[in-house]
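Novice: Generate coordinates for the sequence data below:
(2 chains)
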Amino acid sequence: MSNTRDFEPTDWKSPEMQARTRKRYRRDRTFRAMGFSAVILAGLFLVLLIGRIFQDGAMGFMQTSIDLDVTFSEELLGDPRAMDAEAFEEQVRQANMSRLLDAALTAQFPEVTSRRDRRALIRIISGGAREQLRNMVLETPAIVGTTKTVRLLAADDIDQLRKGKIDANEPEANRKVKDQELGWYNKLVEEDRVSLNFHTRFFTSGDSRDPELAGIWGATVGSAITLVVTLLIAFPVGVLTAIYLEEFAPQNRLTDIIEININNLAAVPSIVFGLLGLAVFLGVMHLPRSAPLVGGLTLALMTLPTIIIAARASIKAVPPSIRDAARGLGASPMQVVFHHVVPLAMPGILTGTIIGMAQALGETAPLLMIGMVAFIVDIPGGFTDAATALPVQIFLWADSPERAFVEKTSAAIMVLLTFLIAMNGLAIWLRQKFERQW
Amino acid sequence: MKKFAIAAAVAGAALIATSGAQAQSRDQIRIVGSSTVFPFSTAVAEEFGRSSSFKTPIVESTGSGGGLKLFCSGIGTNHPDITNASRRIKKSEVELCAQNGVTGIVEVKIGYDGIVLAADKSAPDMQLTLRDLYLALAAKVPAPGTEGGAGNMIDNPNKTWADVNPELPNRPIIVLGPPPTSGTRDAFNELAIEVGCETFSGMKALAKSDKNLHKVLCRGLREDSAFVEAGENDNLIVQKLQANHEAVGVFGFSFLDQNADAIKAFPVAAEGGEPMEPTFEAISDGSYPISRSLYFYVKKAHIDVVPGIREYLAEFTSDKAWGDFGYLADRGLIPLGEEERVKFHDDATKLNNLSLD
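Specialist: The predicted model follows:
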């Protein structure tokens, strides 16, 4: 080029150039401000959402109890000293514990005499109190014949009243708790018999139609069993598929088609996998409905593409020099893969797996099709017992008419979130632990 | 790594193999069906599990139609024992059942449910007739001044309640209701809209001449902003009513019962009748016009095969459950009259076969 000598260096001081740099800086600043406000906005939404759930749900972990002086009458329960243990247990199981409650309440409120009022009175105590008293007697038979102050769960309406969710100043017709019950409640409060306690039952029992008796443990166990099945199927199949496709399969039309299909499957709506599960596992294989085994298999199908894609990406990221070095030392192709490539790719594979599992944990739609959206009280004990899962439990509670389920729903969401955070934390920890630099 | 993979695969295969064998027998009652009956059915199931030595039945909420389809799909432990329904079983469903070998069916009517129209407490009062509801919500209405009939229909022009009936307040029509998949919607269309439709003589005549067209015209709801499908979750409708004071919600009585401090129901009058509030008594004696019966159906072939079915029936039809002061009434079920209770208790204990006539 002959005219290089004519080339003039940029005159940074010229007004045009300064205007241009100003403009460029301004754009830069605007872009950063926009990015920053996007982060702030996302953060605000998160705070709003979590804040609302906490606000609603915090009280879900607390439950109102009423202290009553219960006389464990020998007449009703039998004398544990006079009869053998089995006969005593039988009699206690048969005994109508409502009579103990009725007697205790009558002692507390001697002015309530009519049959109708006494029936209303017993309803301020939860239906679970009978079971609670029965268990107390069975645990310590010596209690029979004594009078003890027992902390009994209050019914859900009384609980809502204690928590301020029912306004005592509303006109009576619009209130779930009537004036009569309000009077009893106030008397109990005056005597300091009403207390709000941490509700351990929420973490130990299964579902119930009574909000004060409902617990999250059944759904938690159901979720855990389902995820075990998912992991057992999806992890080995997914990782082996990824290894085969990355390391051994020839590059041809067929593998291309398989690859495209895997990528497409990752984007298929989850309800479709539910339909597939219904047709194959229930229709053809005749596995039991509502079983976590079927749920796990269905969710495994859904998680497979995620695991395969993540595993392939991390296997691809292992530098070829490592394979070459291993082969150079005489390793067989399988030795290359399992001694060198897979251990190095493991952090990525595990992260992908756990993210896939976390996704599976939050799914409800496929479970709907295979009957896991159901009212199940018993805690599942195996792969074929009927079970629900955490998100299903949340869905069922959100749909219940009783007002007290609102806080239970939020509390269950908090449990699910804790589960998710723990799983993601595990993914991060595993990555840190196994990550290797080369 | 590889060993683990193989072990896992073997474990998975073994699991499936063993569970196939387990599926043959079942010691737990399985119930499917209507989401309206679900709260009552689960309450009985829980009480039954607590007070008997049997396992607590599993109750799935599949909708009335879905439940009957599952119920009628065959005999054997892979099929449900009981299905709940918020309407009576149809002839076609009985035939489907019979095709699949399900011939002995016991029908138990458990009570009534009212469909209420409610709004926020602060909304002005309205007294609605079924005719008003039809004119407000149907997709096509008779042209002004005519009595309807095939040639006289126009697209629903009504924007406010006052357009429908000058006595009603001048507020926009915004009704939040259940989607077409819901049994509540079926019942609402049938018991409110269709009955309102037939107050026009032209429409009544059409029922005789062209049944299908009559059904389309008398049950089709409008699809503009006046009728909003608010999803299956009735709690959500209640919340939306509190947020939008102009909206009117359509849902089951139990949600009104639980939320009486926040919302109020409008009285509804049948043609020529008195306006009735949807109260416990009015729904029970049938004077509230939009009320329907709730049922469950039991497969006779499963009795004594799956343990506990007889006892479950006894629990459900006992006075402490479905009686006037039973625990189901506490949950918003409107009990049957004394006479019907005796009849269906009898049917349930003697396992009388269903007869449709």
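
Novice: Near residue 229, how many residues? Count them for me, please.
Specialist: Picking chain A for this. 24 (other CB atoms under 10 Å in any protein chain shown). Every residue, glycine included, has its C-beta placed from N, CA and C.

Novice: wrong chain, I was asking about chain B
Specialist: When neighbours are counted by other CB under 10 Å, B:E229 registers 15.

Novice: Within range of chain B, give me the residues from the stretch 151-300 of chain A.
Specialist: Selection of the stretch 151-300 of chain A residues close to chain B by CB under 8 Å from any CB of the partner chain yields A:166-167, A:170, A:173-176, A:208-210, A:229, A:232-233, A:235-237, A:239-240, A:282, A:285-291, A:293, A:297.

Novice: Now list the buried members of those.
Specialist: Among these, the ones that count as buried by 16 or more other CB atoms under 10 Å in any protein chain shown are A:166, A:175-176, A:208-210, A:229, A:232-233, A:235-237, A:239-240, A:282, A:287-291, A:293, A:297.

Novice: What sits closest to the closest residue to chain A within the stretch 101-250 of chain B if chain neighbours are left out?
Specialist: In the stretch 101-250 of chain B, no residue comes nearer to chain A than B:N233, which is 5.4 Å away by CB to the nearest CB. Excluding the flanking residues, the one nearest B:N233 by CB to CB, 6 or more residues apart in numbering or on different chains is A:D399, at 5.4 Å.

Novice: what does stretch A:199-217 rub up against?
Specialist: Around stretch A:199-217, the neighbours that count as contacts under CB atoms under 8 Å, 6 or more residues apart in numbering or on different chains are A:60-64, A:126-128, A:153-156, A:159, A:218-219, A:375-379, A:388, A:390, A:393, A:396-397, A:400, A:402, A:404-405, A:408, A:411-412, A:415, B:39, B:42-43, B:46, B:331.

Novice: in the stretch 151-300 of chain A, what residue is nearest chain B?
Specialist: A:P236 (3.8 Å).

Novice: Toward the C-terminus, what is the element adjacent to the helix or strand harbouring that residue?
Specialist: Taking DSSP states H and E as the definition, A:P236 sits inside helix A:217-243. Downstream of helix A:217-243, the first helix or strand assigned by DSSP H and E is helix A:253-265.

Novice: Just give me the residue right at the centre of chain B.
Specialist: Compute the mean C-alpha point of chain B, and by CA atoms, centre = their mean the closest residue is B:S86, 3.6 Å away.

Novice: Run through the chain and note the low-pLDDT ranges.
Specialist: You didn't say which chain, so I picked chain A. Per-residue confidence for chain A (pLDDT under 70) gives these ranges: A:1-5, A:437-438.

Novice: That was the other one, I meant chain B.
Specialist: B:1-24, B:181, B:232, B:357.

Novice: which stretches of chain B form strands?
Specialist: Ranges of strands within chain B are B:30-33, B:58-60, B:82-85, B:105-120, B:128-129, B:140-142, B:153-155, B:175-177, B:227-229, B:248-252, B:263-265, B:268-269, B:275-276, B:291-299, based on DSSP state E.

Novice: Flag every buried residue along stretch B:271-281.
Specialist: B:276, B:278-280.

Novice: Run a quick neighbour tally on B:P80.
Specialist: Quick note: B:P80 (other CB under 10 Å) scores 26 neighbours.

Novice: picking up where we left off before, inside helices: which ones of the contacts of stretch A:199-217?
Specialist: Mapping the contacts of stretch A:199-217 onto helices (DSSP state H) picks out A:156, A:159, A:218-219, A:390, A:393, A:396-397, A:405, A:408, A:411-412, A:415, B:39, B:42-43, B:46.

Novice: How about the residues of the stretch 151-300 of chain B by chain A?
Specialist: B:232-235, B:254-255, B:257-261.

Novice: any idea which of these is closest to B:R50?
Specialist: Distances from B:R50 to those, taken as CB to CB, are shortest for B:S254 (21.8 Å).

Novice: and the lengthiest helix in chain A with chain B, contact?
Specialist: What stands out as the longest helix in chain A, according to DSSP H, is helix A:15-57. No. On the criterion CB under 8 Å from any CB, helix A:15-57 is out of touch with chain B, staying 12.3 Å away.

Novice: Which strands and helices lie in contact with that helix?
Specialist: helix A:405-434 (3 or more CB pairs under 8 Å, 6 or more residues apart in numbering or on different chains; DSSP states H and E).

Novice: packing partners for the helix it packs on?
Specialist: Packed on helix A:405-434, when contacts are counted by 3+ CB pairs under 8 Å, 6+ apart, are helix A:15-57, helix A:217-243, helix A:342-361, helix A:390-398.

Novice: what's near enough to touch residue 247?
Specialist: Using chain A here. A:315, A:333, A:336-337, A:341.

Novice: That was the other one, I meant chain B.
Specialist: So B:A247 contacts B:119-120, B:174-176, B:228, B:240-241 (CB under 8 Å, 6+ apart).

Novice: ok, A:G296 to B:L354 distance?
Specialist: To B:L354, A:G296 is 38 Å away according to CB to CB, to the nearest Å.

Novice: Repeat that for B:N235.
Specialist: In terms of CB to CB, B:N235 sits 34 Å off from B:L354.

Novice: Between those two, which is the more surrounded one?
Specialist: The neighbour count for B:N235 versus B:L354, taken as other CB under 10 Å, is higher for B:N235 (22 against 19).

Novice: was I right about the more buried one contacting B:F255?
Specialist: Yes. B:N235 is within contact range of B:F255, at 7.1 Å (criterion: CB atoms under 8 Å).

Novice: Show me whatever sits in contact with both of these two.
Specialist: Counting by CB under 8 Å, 6+ apart, the contacts common to B:N235 and B:F255 are A:P401.

Novice: okay, now the domains of the chain?
Specialist: Reading this off chain A. Chain A breaks down by automatic domain parsing into domains covering A:61-199, A:217-434.

Novice: switch to chain B, that's the one I care about
Specialist: Taking automatic domain parsing as the reference, chain B has its domains at B:23-112+B:293-350, B:114-291.

Novice: residues making contact with the strand ranked longest in chain A?
Specialist: In terms of residue count, the longest strand belonging to chain A (DSSP E) is strand A:62-71. Contacts to strand A:62-71, defined as CB under 8 Å, 6+ apart, come from residues A:100-101, A:103-105, A:107-108, A:124-125, A:133, A:146-154, A:158-159, A:162-163, A:188, A:193-199, A:201-202, A:212.

Novice: that older thread, which members of the contacts of A:E247 are positioned in helices?
Specialist: Judged by DSSP H, the contacts of A:E247 include A:315, A:333 as members of helices.

Novice: Max pairwise distance over the contacts of A:E247: which two?
Specialist: A:I315 and A:P333 (13.6 Å).

Novice: In terms of neighbours, single out the busier of these two.
Specialist: Taking neighbours as other CB under 10 Å, A:I315 and A:P333 compare with A:I315 leading, 22 against 12.

Novice: My guess is that one contacts A:E246. True?
Specialist: Yes. Using CB under 8 Å, A:I315 makes contact with A:E246 at a distance of 4.5 Å.

Novice: Can you report how many residues neighbour residue 329?
Specialist: I'll assume chain A. The number of residues packed around A:L329, counting by other CB under 10 Å, is 9.

Novice: The intended chain is chain B.
Specialist: 18.

Novice: Same question for the one 4 residues further on.
Specialist: Counted with other CB under 10 Å, the neighbours of B:L333 add up to 26.

Novice: cool, and the one 5 residues further on?
Specialist: Residues near B:E338, counting by other CB under 10 Å, number 10.

Novice: In space, what's closest to residue 218 - neighbours in sequence excluded?
Specialist: All of this is about chain A. Using CB to CB, 6+ apart and skipping residues adjacent in sequence, the residue nearest A:G218 is A:G206, 3.2 Å away.

Novice: my bad, the chain I had in mind was chain B
Specialist: Using CB to CB, 6+ apart, the nearest residue to B:C218 is B:C197, at 3.7 Å.

Novice: And for A:E74?
Specialist: Using CB to CB, 6+ apart, the closest residue to A:E74 is A:G145 (4.8 Å).

Novice: Wasn't A:K165 part of a helix?
Specialist: No. Counting by DSSP: H, G, I helix; E, B strand; the rest coil, A:K165 is not found in a helix; it is coil.
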